[in-house]
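**Student:** this one's sequence-less:
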């Protein structure tokens, strides 16, 4: 397997990376928000009833 950052052979100690440097580069990308998982847009509060249904009264 090759390193996902620089494409060199991976080192078992830093797997899947080849070195601590490449592992840190990857971590930096996650922390800065460079990597993102797409998600569907939802209501901000998350607990609103769907538009075609009325909320239940207690």
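**Tutor:** Yep, it's here. Just so it is clear, the model here is predicted, and its values are computed rather than measured. Numbering: from 1, shown residues only.
**Student:** now the helix or strand where residue 27 lies: average pLDDT?
**Tutor:** If you go by DSSP states H and E, residue 27 is part of helix 20-32. For helix 20-32, mean pLDDT rounds to 96.
**Student:** which residues does it contact?
**Tutor:** Outside helix 20-32, the residues that touch it by C-beta atoms under 8 Å, 6 or more residues apart in numbering are 3, 4, 5, 6, 14, 17, 35. C-beta coordinates here come from the backbone N, C-alpha and C atoms, glycine included.
**Student:** pull out the buried residues from these.
**Tutor:** Among the contacts of helix 20-32, those buried by neighbour count (16 or more other C-beta atoms under 10 Å) are 3, 5, 17.
**Student:** so who does the first one touch?
**Tutor:** Going back to what we said before, that points to residue 3. For residue 3, the contacting residues are 9, 10, 16, 17, 18, 19, 22, by C-beta under 8 Å, 6+ apart.
**Student:** keep only those of the residues you listed that are in helices.
**Tutor:** residue 22 (DSSP state H).
**Student:** TSV please, covering the contacts of residue 3 and showing distance to residue 28.
**Tutor:** Shown next, in TSV, are the contacts of residue 3 (distance: C-beta to C-beta, whole Å):
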residue	distance to residue 28
9	22
10	19
16	16
17	13
18	16
19	14
22	11
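**Student:** who wins on neighbours among the contacts of residue 3?
**Tutor:** residue 17 (23 neighbours; other C-beta atoms under 10 Å).
**Student:** need phi/psi at it.
**Tutor:** When read as degrees, to the nearest 10, the backbone of residue 17 gives phi -90, psi 170.
**Student:** please name the nearest non-neighbouring residue to it.
**Tutor:** Distances taken as C-beta to C-beta, 6 or more residues apart in numbering place residue 23 nearest to residue 17, at 4.4 Å, with adjacent residues excluded.
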